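# What follows is a predicted structure for the sequence shown.
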Amino acid sequence: MFISKGKQLTELERAFLEPTDPTHRQYEALRAYFVEGLPSHEVARRFGYTPGSFRVLCHQFRQNPQRPFFIQPRQGPHRAPKRDPIRDHVIAMRKQNFSIYDISETLKTEGHSLSPVTVSLILKAEGFARLPRRYDDERPDTPRPTAAAVTDVRRLDLRPRQ
């Protein structure tokens, strides 16, 4: 990478000049660009980046120069998530054909506040389809707005006033 072809690399030199870890490679590439002053296209070529992706890496580094390089990122869940009893209750209510609004209201009376959107996301993740729209007489008895009387537009007077 940084050396002539005539010199053989020792194992210790190889650890610095041929990084195998992605974060170490990013560190060495950014160091070559910012400290050694090499042109970005040359650094990108040496470390296996495209010129555009290296520019993005430089931009991200400028935005967060205190970024830790040598901490390995955690990948994936390291323990199984606990099964939420509310989630099971939501599923049981859907199996009884409750709508997301009915489920949300029922949970609210039980002391758990889940919005209808959250309920729909839980049901979607579990593979439930949306319920077809119900007629007014099929809906549960809850207070509804009263319908106002219909206005007779023939009685509307549009003459200029004084």
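Yes, it's here.
# domains for the protein, by residue range?
Split into domains by automatic domain parsing, the chain comes to 11-63, 85-131.
# could you dump these to TSV with mean pLDDT, distance to residue 150 and mean neighbour count?
(C-beta placed from N, C-alpha, C; glycine too.) TSV is the format used below for the domains of the chain (pLDDT from 0 to 100; distance: least, CB to CB, whole Å; neighbours: other CB atoms under 10 Å):
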stretch	mean pLDDT	distance to residue 150	mean neighbour count
domain 11-63	87	60	14
domain 85-131	90	28	14
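# quick one: which of the ones you listed is nearest residue 152?
When these are compared by CB to CB, domain 85-131 sits nearest residue 152, at 35.4 Å.
# Compare the domains of the chain and give me the one nearest residue 75.
Per CB to CB, nearest to residue 75 of those: domain 11-63, 11.8 Å.
# Span of stretch 144-162 from start to end?
41 Å (CA to CA, to the nearest Å).
# contacting residues around residue 21?
residue 70 (CB atoms under 8 Å, 6 or more residues apart in numbering).
# shift numbering so it begins at 25
Noted, 25 is the first residue going forward, which turns the last one into residue 45.
# hang on, the earlier thing: got the domains of the chain as TSV, with distance to residue 185 columns?
Formatted as TSV, the domains of the chain follow (distance: least, CB to CB, whole Å):
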stretch	distance to residue 185
domain 35-87	64
domain 109-155	46
